[in-house]
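*Asks:* here's a sequence, model it:
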Amino acid sequence: MATSIAHPSTERNRPGLRRDIGFVGLIWASEGSIIGSGWLFGAQGALATAGPAAIISWVIGGVAILILALTHAELGGMYPVSGGTARFPHYAFGGAAGASFGWFSWLQAATVAPIEVLAMITYGTHYSFARGWERTSGGEHILTGPGIVVAVLLMAAITAINFLSIRLLARTNSVATWWKVGIPLLTIFVLAIAQFHGSNFTAADGFNPGGAKGILSAVSTSGIIFALLGFEQADQLAGESSNPRRDIPRAVIGSIVIGALIYIALQVAFLGALPASQVQGTWATAAFNTLTGPFAQVATLASLGWLATILYIDAIISPGGTGLIYITGSSRVSYGLSRNGYVPSVFEKTNERGVPWVGLITAFVIGCVCFLPFPSWRSLVGLITSASVLMYAGAPLSLGVFRRRLPEATRPYRLPGATWMSPLAFVVANLLILWSGWVTDWKLGVAILIGYVILVANRVFKMNPITPQLDLKAAQWLPVYLVGMGLIVYLSDFGPLKHPWFPLWWDIAAVAVFSLVIYFWAMAVALPSERITDMVNQVVLPEEADLQA
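*Replies:* Reported below is the predicted structural model:
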């Protein structure tokens, strides 16, 4: 195994990032990512999958994401570096694990912007001039040729805004987020007063037509977890926070609590506002499933034309704001990966405003490419959900290692009960992967293999002067984890088998046991304290010195 032949330089690629974001900017960066296209489509998809019991699905999803968010809160305060979620596993397990989780993080961040653009176009087809941008195929709304052109132009606009300084970007996002939070709250209030049918909770084929499997499936496959993603954006921007050790934990926890409460209330409001004509038959086949702009069209059906108009406007602002901040996040993740030596050093280049512009251009290109194999909102949401959850799985592992190896380290936020919360969070992450199902997870496996090809090419062709140690001993659990989770999903009730090896509940038990085995295995082989400290000092301290106040 090669050792590092160069260290991150405090002189390289100045001016570097700037510490210009305060607490409001951080929490709104996360909240702006949480309140995106998920609120426009999530309630519809969850209701179709689980019926009114989707309310339970949202509660489960909110609790699951909050558990994962708590581990990120402690880590973000400890190591406030740009692209933090991609870098914590690097410090705990070395190069091989760090490169892997870094790829998961970048894959998730880079593919969110195109899905938000798809949401904007889908709602936009309400207008006559935009109806040729999509066509219906197999029940999904697919981009046409003109639609792809419009999608690329929207991606270009989102990317261009990111070339502003991070201070202006944070202010732009903060203004958009006030709107993005206010409109869902207005929608909840108006629909609850103007049209609320309590009988809908037992209409069609009942409150819980799919049983436990329906409730759990809705968590991962109907857009619930996707809707709640985004709290980690405060971690991604930690390297540009004016007071990261104080503000990051509060921003991470606060954003997920606010987001979960809003989404649960939206599900109740959407269900109650549906007229009887929209809930005939079964929840899976009822007429509301054909709505292309669910909340706006429900407002129209309730004779609330003014609200529908506002919602069609919001269908541009909310997804656009989320796409904006994820383009920002993806460029910071690639910046962090370069600092650790995983991708070419060109990704560390910043312009005079402190913006890592190479990462922005790369995110734009990848986002545009996504429109070809994934030309609809629902075709992309499953992949993003699984990649996000896999990325999140690195945080509880890292937290467990730091608590064991660095017990005296400074922790501005100290997670209560971390000795049991960390393994619990890892189990939760893997359950969400299970509930995503085999159809989604095998595609994620292909994306993981592509990432490894890229990471190997960077090392072979020496496109970065830093050659990190792979530390294969510390990452020996990783291939077993990835392959093992794939096998469990395949053999489970959420896999393709007609007679699964692990029927419902047994598959959950299998994931829990397997997760705990992997967790404690990882704890046993993690890097020693001295090595972790050395790696942190190589990157965190020089990066903090490089940032301009």
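*Asks:* am I right that residue 32 is in a strand?
*Replies:* No - under DSSP: H, G, I helix; E, B strand; the rest coil, residue 32 falls outside any strand and is assigned helix.
*Asks:* count of neighbours near it?
*Replies:* When counting by other Cβ atoms under 10 Å, one arrives at 30 neighbours for residue 32. C-betas here are computed from N, CA, C, even on glycine.
*Asks:* ok, now residue 528?
*Replies:* By other Cβ under 10 Å, 10 other residues sit near residue 528.
*Asks:* leaving out the residues flanking it, which one is nearest to it?
*Replies:* residue 405 (6.9 Å; Cβ to Cβ, 6 or more residues apart in numbering).
*Asks:* so what's that neighbour up against?
*Replies:* Contacts for residue 405 (Cβ atoms under 8 Å, 6 or more residues apart in numbering) come out as 92, 526, 527, 528, 529, 532.
*Asks:* ok, now with 10 Å
*Replies:* 91, 92, 523, 526, 527, 528, 529, 530, 531, 532, 533 (Cβ atoms under 10 Å, 6 or more residues apart in numbering).
*Asks:* next, count neighbours for residue 513.
*Replies:* 12.
*Asks:* pull out the buried positions in stretch 282-292.
*Replies:* Going by neighbour count (16 or more other Cβ atoms under 10 Å), the buried part of stretch 282-292 is 283, 284, 286, 288, 289, 291, 292.
*Asks:* correct me if wrong: the fourth one contacts residue 47.
*Replies:* This points to residue 288. Yes - assessed by Cβ atoms under 10 Å, residue 288 is found in contact with residue 47 at 7.2 Å.
*Asks:* returning to what we had before: among the contacts of residue 405, who's most crowded?
*Replies:* Top of the contacts of residue 405 by neighbour count (other Cβ under 10 Å): residue 92, with 32 neighbours.
*Asks:* so it versus residue 427, what's the distance?
*Replies:* Going from residue 92 to residue 427 by Cβ to Cβ, to the nearest Å gives 18 Å.
*Asks:* please report how far the residue nearest to residue 528 lies from residue 526.
*Replies:* Taking Cβ to Cβ, one finds residue 405 at 7 Å from residue 526.
*Asks:* where do the contact lists of these two overlap?
*Replies:* 91, 92, 532.
*Asks:* for these, which one is nearest residue 163?
*Replies:* Here the nearest of these to residue 163, counting by Cβ to Cβ, is residue 91; it sits at 30.6 Å.
*Asks:* need the phi and psi values for that closest one.
*Replies:* Here the main-chain torsion angles of residue 91 (degrees, to the nearest 10) amount to phi -70, psi -30.
*Asks:* list the contacts of it.
*Replies:* Per Cβ under 10 Å, 6+ apart, neighbours of residue 91: 75, 78-79, 81, 97-98, 340, 398, 401-402, 405-406, 526-527, 531-536, 538-540.
*Asks:* try residue 176
*Replies:* 28, 32, 35, 317, 318, 320, 321, 322, 324, 325.
*Asks:* nearest to residue 185, of the residues you listed?
*Replies:* residue 35 (10.1 Å).
*Asks:* does that closest one really touch residue 230, like I thought?
*Replies:* Yes - contact criterion Cβ under 10 Å: residue 35 and residue 230 qualify, at 8.2 Å.
*Asks:* higher neighbour count, the two?
*Replies:* residue 35 (32 against 27).
*Asks:* look up how far residue 178 lies from the more buried one.
*Replies:* 11 Å.
*Asks:* who touches both of the two?
*Replies:* With Cβ under 10 Å, 6+ apart, residue 35 and residue 178 have common neighbours residue 28.
*Asks:* what's the most centrally placed residue in the chain sitting at in phi/psi?
*Replies:* When Cα atoms, centre = their mean is applied to the chain, the residue found nearest the centroid is residue 229 (4.0 Å). When quoted as degrees, to the nearest 10, the phi and psi of residue 229 stand at phi -70, psi 150.
*Asks:* surely residue 349 and residue 362 touch.
*Replies:* No - at 11.5 Å, residue 349 and residue 362 do not qualify as touching, with contact defined as Cβ under 10 Å.
*Asks:* identify the contacts common to these two.
*Replies:* Joint contacts of residue 349 and residue 362 (Cβ under 10 Å, 6+ apart) are residue 356.
*Asks:* show me which of those two is the more surrounded one.
*Replies:* residue 362 (19 against 15).
*Asks:* what's near enough to touch residue 92?
*Replies:* With Cβ under 10 Å, 6+ apart, residue 92 has these contacts: 75, 98, 101, 394-395, 397-402, 404-406, 471, 474-475, 522-523, 526-527, 531-532, 535.
*Asks:* all strands for the stretch 51-200 of the chain, in order.
*Replies:* Secondary structure of the stretch 51-200 of the chain, counting by DSSP state E, counting those that start in this stretch: strands at 134-137, 140-143.
*Asks:* please identify the deepest-packed of these.
*Replies:* strand 140-143 (a mean of 18; mean count of other Cβ atoms under 10 Å).
*Asks:* before we move on, back to that, go through the shared contacts of residue 405 and residue 526 and name the one nearest residue 353.
*Replies:* Nearest to residue 353 out of the shared contacts of residue 405 and residue 526 is residue 91 (Cβ to Cβ; 28.8 Å).
*Asks:* any idea how far residue 435 is from residue 500?
*Replies:* In terms of Cβ to Cβ, residue 500 sits 14 Å off from residue 435.
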